[in-house]
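Asks: need a 3D model of the sequence below.
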Amino acid sequence: MPQSLIEIKGSNFTLAVIHLYTSRSEIIHEALIKKNIQNPIFLKNAPVVVNISKVYESVNWKKLQHTITEAGLHVIGVSGCKDEKLKTDITNCGLPLLSEGKVINENYFITSQKQYMPVKTRIINTPIRSGQQIYARDSDLIIISSVSEGAEVISDGNIHIYGILRGRALAGASGDVSSQIFCANLAAELVSIAGYYWISNQIPKSFYGQSARFNLNDNALTVESLF
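Replies: Residues are numbered from 1 along each chain as shown. Take a look at the predicted model:
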């Protein structure tokens with residue numbers, strides 16, 4: 001019998017943040033449905049944080065939450081709330097109020113242009129197995145081996161993968177648009193830089209099985225041969 005039946009540990013998760021600029025349910029619902037149609041694999045049943053710092057009209061929180069849930073997403077927290085009554089409404093629904101510092105902000109809906117300079121490098125010598133997630137906070141990330149399908153590697157800076165990239169690679173997680181992804185053998189489920197991303201069927205097929213380098217050019221993902 002272990003000394004403790006439960007353990008509480010800190011961890012890191014990648015979460016999409018929906019930045020709202022209106023509380024009008026019909027507009028929000030239409031926009032979310034459109035996003036889900038464009039990216040059905042990535043966004044289906046996704047946990048999301050809702051940022052309402054730019055919503056200046058009154059908010060019916062229960063109606064707003066229902067609208068987002070009806071679009072197939074799961075609200076797990078709210079950020080940017082300044083109105084005390086609205087804070088009460090949100091907490092009465094069982095949701096936490098989050099500060100931006102508590103969320104790894106992928107911003108798949110609206111990309112942050114925050115400038116960020118990593119100050120170190122994290123090196124992983126072992127393969128990243130399916131279901132594993134590696135996050136290099138405030139640093140570049142070097143994977144000496146491969147990243148399996150179903151695995152995820154995240155960095156606030158650049159990502160270098162010397163084996164096969166079969167899973168997901170997300171560089172510039174804190175919004176650094178100058179971040180890049182380098183891999184020796186490309187077979188990725190998803191690649192992302194500062195919130196701009198491609199899922200597997202958006203990556204040009206001619207690069208599969210090849211070395212590749214991803215970066216942003218005029219706020220659009222680009223890929224080129226590494227050699």
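
Asks: for Lys120, give me the pLDDT.
Replies: The score at Lys120 is 81. That number is its pLDDT.

Asks: I figured Asn215 was touching Leu226, is that so?
Replies: No - using C-beta atoms under 8 Å as the test, Asn215 is too far from Leu226 to be in contact (11.6 Å). Where you see a C-beta, it was placed from the backbone N, CA and C, and this is true even at glycine.

Asks: higher neighbour count, those two?
Replies: Remark: of Asn215 and Leu226, Asn215 carries more neighbours, 19 against 13, as counted by other C-beta atoms under 10 Å.

Asks: and the more buried one, what element?
Replies: Here Asn215, judged by DSSP states H and E, is contained in strand 212-216.

Asks: which other residues reach that strand?
Replies: 171, 177-183, 186, 191, 193-194, 196, 221-226 (C-beta atoms under 8 Å, 6 or more residues apart in numbering).

Asks: which secondary structure elements does the very next helix or strand once past that strand sit against?
Replies: For strand 212-216, the succeeding helix or strand toward the C-terminus, using DSSP H and E, is strand 221-225. Counting contacts by 3 or more C-beta pairs under 8 Å, 6 or more residues apart in numbering; DSSP states H and E, strand 221-225 packs against strand 196-199, strand 212-216.

Asks: if I look at Gly163, how far off is Ile128?
Replies: Separation of Gly163 from Ile128 (C-beta to C-beta, to the nearest Å) stands at 9 Å.

Asks: overlap in contacts, these two.
Replies: The contact sets of Gly163 and Ile128 overlap at Ile143, Ser145, Ser146, Val147 (C-beta under 8 Å, 6+ apart).

Asks: which one of those residues is nearest Tyr21?
Replies: Val147 (35.8 Å; C-beta to C-beta).

Asks: contact partners for that closest one?
Replies: Pro127, Ile128, Val153, Ile161, Gly163, Ile164, Leu165, Arg166, Gly167, Arg168, Ala169.

Asks: next: Val48.
Replies: By C-beta under 8 Å, 6+ apart, Val48 lies in contact with Leu15, Ala16, Val17, Ile18, Ile68, Leu73, His74, Val75, Ile76.

Asks: again, but for Arg122
Replies: If you count contacts by C-beta under 8 Å, 6+ apart, then Arg122 has Ile134, Ala136, Ser139, Asp140, Leu141, Ile142, Ser155 around it.

Asks: are any of those buried, and which?
Replies: Among these, the ones that count as buried by 16 or more other C-beta atoms under 10 Å are Ile134, Ala136, Ser139, Asp140, Leu141, Ile142, Ser155.

Asks: out of the residues you listed, flag the one nearest to Asn51.
Replies: Closest approach to Asn51 among the buried ones among the contacts of Arg122 (C-beta to C-beta): Ser155, at 22.9 Å.
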